[in-house]
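In: requesting a structural model of the entry that follows:
(chains A and B)
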Amino acid sequence: MTELDPALLAVLANRFDAIVRDMTGTLLRTGHSTMIAVARDFSCAIATADDELLAAAEGMPVHVFGAHLQTAAIRRVHPEMREGDAFLDNDPYEANTHAGDHTIVVPVFHEGEHLFSTSVKAHQADIGNSIPSSYHPFARDVYEEGALIFSATQIQRDYRDIEDVIRICRRRIRVPDQWYGDYLAMLGAARIGERRLQEVVERYGIDTIRAFVAEWLDYSERRMAHAISALPAVELEGETVHDPIGPLAEPVPVRAKIVVDPEAGVIEIDLRDNVDALPVGINESMACSTNNAVAGILNVLEAGVPINSGSFRRLRVLLREGAVVGIARHPDCCSVATTNIADRLTNVIQHAFAGVGDGQGLAEGAASLSAGYAVIAGEDASGDPYINQLIVGSNGGPGTPRVDGWLTYGAPGGGGLIYRDSVEVDEHKFPMRYTEIRVLPDSGGAGRFRGAPASVVEYGPTAAPMLAAYQIDGHTTPARGARGGLSGSTGAAYRIDREGAAERTANVTQIELLPGERVRGEHGGGGGYGDPRERDPERVLADVLEGYVSVEGARRDYGVAFVGAPEDGTLAIDEATTRGLRGEA
Amino acid sequence: MAYRITVDVGGTFTDVVLTDEQGDVRLGKSPTTPERAFDGIRGGLEVIAGELDAEVDGLLAETELFVYSTTRATNAIIEQKTASTAFLTTAGFPDILVLREGGKASAFDYETPYPDPYVPRRLTFEVPERIDAEGVVQQPLDEEAAGEIAARLGVLEVEAVAVCLLWSIVNPAHELRLGEILAAALPDASITLSHQLSPVLREYRRASTTAIDASLKPMMGAHIRAVADDLAAAGFAGELLGATSFGGVMHLDDLAARPVYSAKSGPALAPVAGRVYGEAELGARDVVVCDMGGTSFDVSLVLDGAVNFTRTTWLGGQFVGHLIATSSVDVRSIGAGGGSIAWIDPGGLLRVGPESAGAVPGPACYGRDGDRATVTDAALHLGYLDPDGFLGGRMTLDTAASERVVAALGDELGVSADEAAAAVLTVANDHMYAAVAEITVNEGLDPRDSLLVAGGGAAGLTIGRIAAEFGCRHVLVPRTAGALSAMGGQFSDVVAEFSETHLTDTREFDFAGVEEVLEGLDARAAEFAARLHKRGIEATRVEYAVEARYAYQVWDLEMSLPLSRVRDAADVKTVAATFDALHERVYTVSQPGHTVELLTWKARLIGDLEATEKLLAPRAESGGEVRRRRAYFPETGWTDVEVHDGATLAPGAAVAGPALIAEPSSTLVVYPGMTAQVTDHDNYLVLTGEER
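Out: Down below sits the predicted model:
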């Protein structure tokens, strides 16, 4: 093998990342549903022809780490791929995340040889489920879920659509023009990646590119080994629970055992000690179990480790078939595999790392997908149907050893990457009107570094009845603080009638709203990190002035007392009382 | 003699360009003086006055047009040194500036703090009112509550107020009334209403732009007055214009009323110069303009003869900075320049930047205790820079210091110092390559089919390699490369943009509504044109554009309208076809026949300042001594190269690489296998040896 010039290694690594970013930019600007084009609920990646993940710049944690497992699954049934082919896959029983994510895979050829595959995974507004939502949390199995499952299905040959497949989708997916526009946008992104990869191979030659792939994966493995070697040798155990939902009376435990071996430079995550699959939609696919476990680890390691098969050689995720956290078996339902249990899984791992010592790990981030993340559906004034997931809420990010939580964190599986809808864009595209979006005081878990506060979102239909479906975890069990930090707030949702009376709804539900009625969704606050009484009083003062923490909350949780009042600009720290409250001399 | 002076006040240097009617171009560079901008301007003018054997005041007295560009607004925004500003918005939505549009650079980054809102929550006020998407008043403006808020702002002694209400772009009645209430209660405060400044859909973008504009007004107003007064006191009595973020100029008092246009106005002028040079030299319609200074590398585009615009300009970084949504020249900046620091990551890989040594301590060779290798140190080590000729000989570089830091880097990498230095340039080049690739890919442009134009003090070190990496046949390096933005001021026009949002589509086109909108825009443009005519700027024209997208799409593209009115089905068809072609070019796909939605309509008034074409005339004379120096290239190892004094190279001259060409404020490296030709207009065209 040729030894690569060190500068060329960096150059080509940047080049492959840039191609993934081109793919991402293309899809963002051309997507039709707001979930893709505004919120960016999608990820792009490049795998090698022999199914090693090579580049996944800016991909969402819950989406992309398994892109290469998915290309492998497609190749198993299509061993003879040709230039101009494209495949649609959303099979969660092989390597897709959940049925709601459609993945387009394009094999990339150079002089007749398959060298790479580009992968574009995007959450769809609709996938033909039995209810108008790509999430079906209560479905007993895939049959009740009703999703169209495309298991490694060829959708293009010679760069042309295979119309049989398109027709199936148009007959079974709601608002088919929206779906087809999103499909074209995804395909365009995959094809942009194809073209750029061919240009790179042409420019540098196939031998250099092969040498690069091998060296880059080795380099990435070294980075991961180095990051792990900075940790002590420990065994960690974490356990949390997902709230009871629908037919389940009991909370669902989520457990992880983690063994850090700095000498070998390896981390093992054992998830086999979890309960068996449940007759609802929250079971985890193999892809989601793997992705979210790996995300929990990456969240607590040093920054800058490349995300690819090279660095993953140092991470071992042990899974059990047929477990709720594990490998879903057909026909068990994993319709909401990307959010609820998945978010708990990332949280339990990053939280467990706080057990290593001060300065390590993270608190938990909130994951209450309340009404600000609802899938809405109905008809507009002229009778045209619409369906789309709103992404306008905000859950608080975890307090960390060094900074406060990130406000527009979304949920652990998105890691803050997801954008938010614009009120004006939503009101222009859908027959709805918002009445309030506001950050909630005292909702972020108190800590030396505070969890980010949650927001509340309220809206309703203007023209005709609207269905709104949402699944709130963190309704009873909030995001936990770490190392003495307090928990964040819980999420909730309320139906508000025409007279303004509010009634709390179930945590996981689909409700119908008539014009004049509204839904009010409170999201969750992030957990705090470290003892709140160690928080710099000046930061507490700033939080009070900015309305993130109340005067009472500051006294109760942080042991900081004030004189004066924020209204007339006289608020100041009462030093003596504060010292007393904090038990300082 | 009637002079035209253009000035670009940067963070470190003030660039001054003076031209006369015969096309004589003079450049002057001087350190920027933040306390009083005019001192730096005078410094630059003194360099020129010295060459012309004249006095600065005399030059100013004979100057008929003065274009002023400054980085002051940009810096004030980034450093948060603007006026105390309040933000007023629709009740129920106080966190528009807090929650923004979401997004984060890296999912695994838990070290970056969440950015503070541009206006703190404590200075944010909710106004009871609500207008819906159709412009219907759902809740009337509560004038009593508005009056109480205005009174409270008086108590808080805010200097500026930004007003952004939901759907003011469809029905501005509440914003207008609120503006009246505020003006009556706060006669000294600066007020910006969102629908007047930036009538774009999406409340965060509009609110952010509005808040930035309001916050700049007190400071920029005073600054602009001071510059005008200093110039007048020095004898200047001509036309005083300010550069804007859309690459044009406007009268300084107009700019003081809309100071957000002043942000990033300097970099916006570089493509104006690039467009003129590209067109004149090679008839190029598509031009990629690169400007590399000490700390940043800026890229911008000219597409089909027109400078390329964006409606998303981040100041202080994407996601963590602040967003301006007015039309601006699309300039992408990355932290790569002569001062970028080389380092080795935990996996043993060489990295360059984004950290920069800045002006202090600067590169190790500046001899100010810089102890880490920078791009400049690498270039000095390789023999590309003359240690005694830096900045026209005004600064001596410490070669020993460079040797030391470069050798240390080589030891760490396990290669020779020479190889390490060459690798630093390669990696730095690649960042710039990526920046160029990103902006061209976004616009569907192949760099090989366009002309690369390079400027900035450090561009000559690297641009040949970058051009070759793209497979470009050549790259143009103007003689004025060291002051490309100030030079752009010489070629810029008066540009004013008027826009109005009116939502319609090609399926059920609202002929009457669009007619009314375009008539309204025309009236505003005509009023502005009349003012220009009064000042002697006669040649004006109007260009039309509209923001458009396919039905169901969310993001729009700005499309030049091939028509000034849309009056029948055939016109609508033309609009749709124009959009299909644009979408195809940018994204490689289009959906002919699909409904196109049309949102914000724009009229851009252009007043031609009639820059003389004589500015492109040659003035160098051939002949002169050629020196020699040792330089290192990976292809050749250490070798003897010719060092040409740029002043001795006349049109038609050709320098074969490896060689170096020294200009007063920059050095052009002619790499092995490349040739630098002096063009008919006296600029450098570097032929890379690539096919295309």
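
In: which residues of the stretch 451-585 of chain A score low on pLDDT?
Out: Residue ranges of the stretch 451-585 of chain A with pLDDT under 70: A:585.

In: just the closest residue of it to chain B, please.
Out: residue A:546 (4.7 Å; Cβ to the nearest Cβ). In this view, the C-beta of every residue, glycine as well, is placed from N, C-alpha and C.

In: my guess is that residue contacts residue B:119. True?
Out: No: using Cβ atoms under 8 Å, residue A:546 is not in contact with residue B:119, being 11.2 Å away.

In: nearest to chain A: which residue in the stretch 151-300 of chain B?
Out: For the stretch 151-300 of chain B, the residue closest to chain A is residue B:202, as judged by Cβ to the nearest Cβ, at 4.3 Å.

In: interface residues of the stretch 251-400 of chain A facing chain B?
Out: Neighbours of chain B within the stretch 251-400 of chain A, by Cβ under 8 Å from any Cβ of the partner chain: A:295, A:298-299, A:301-304, A:362, A:391, A:394, A:397-398, A:400.

In: select from these the one having the most neighbours.
Out: When neighbours are counted by other Cβ atoms under 10 Å in any protein chain shown, residue A:398 leads those with 38 neighbours.

In: for chain A, which helix is longest?
Out: helix A:176-204 (DSSP state H).

In: so is that helix next to chain B?
Out: Yes: with Cβ under 8 Å from any Cβ as the criterion, chain B is reached by helix A:176-204 at A:177-178, A:181, A:184-185, A:187-188, A:191-192, A:196, A:203.

In: of the residues of the stretch 251-400 of chain A next to chain B, which pair is most distant in space?
Out: Maximum pairwise distance among those (Cβ to Cβ): 30.1 Å, between A:302 and A:391.

In: on that earlier part again, contacting residues around the residue of the stretch 451-585 of chain A closest to chain B?
Out: Listed by Cβ atoms under 8 Å, 6 or more residues apart in numbering or on different chains, the contact set of residue A:546 reads B:120-122.

In: which among the residues you listed count as buried?
Out: Among the contacts of residue A:546, those classed as buried by 16 or more other Cβ atoms under 10 Å in any protein chain shown are B:120-121.

In: so which of the contacts of residue A:546 also contact chain A?
Out: Answer for these near chain A (Cβ under 8 Å from any Cβ): B:120-122.

In: which residue packs closest to the single nearest residue of the stretch 1-150 of chain B relative to chain A, ignoring adjacent ones?
Out: Distance from chain A to each residue of the stretch 1-150 of chain B (Cβ to the nearest Cβ) is smallest for residue B:107, at 3.0 Å. The spatial neighbour of residue B:107 that comes closest, neighbours along the chain excluded (Cβ to Cβ, 6 or more residues apart in numbering or on different chains), is residue A:415 at 3.0 Å.

In: report pLDDT for the one you found.
Out: The score at residue A:415 is 88. That number is its pLDDT.

In: surely it is in a strand?
Out: No: counting by DSSP: H, G, I helix; E, B strand; the rest coil, residue A:415 is not part of a strand but coil.

In: quick one: distance of the strand or helix carrying residue B:574 to the chain centre.
Out: Using DSSP states H and E, residue B:574 sits within helix B:569-587. Mean-position distance between helix B:569-587 and its chain equals 29 Å (Cα atoms, centre = their mean, to the nearest Å).

In: which elements pack onto it?
Out: In terms of contacts (3 or more Cβ pairs under 8 Å, 6 or more residues apart in numbering or on different chains; DSSP states H and E), helix B:569-587 is packed against helix A:6-30, strand B:540-550, strand B:557-560, strand B:596-607.

In: between the ones you listed, which one is closest to residue B:188.
Out: Smallest distance to residue B:188 across the helices and strands packed on helix B:569-587 (Cβ to Cβ): 31.4 Å, for strand B:596-607.

In: thanks a lot, see you next time.
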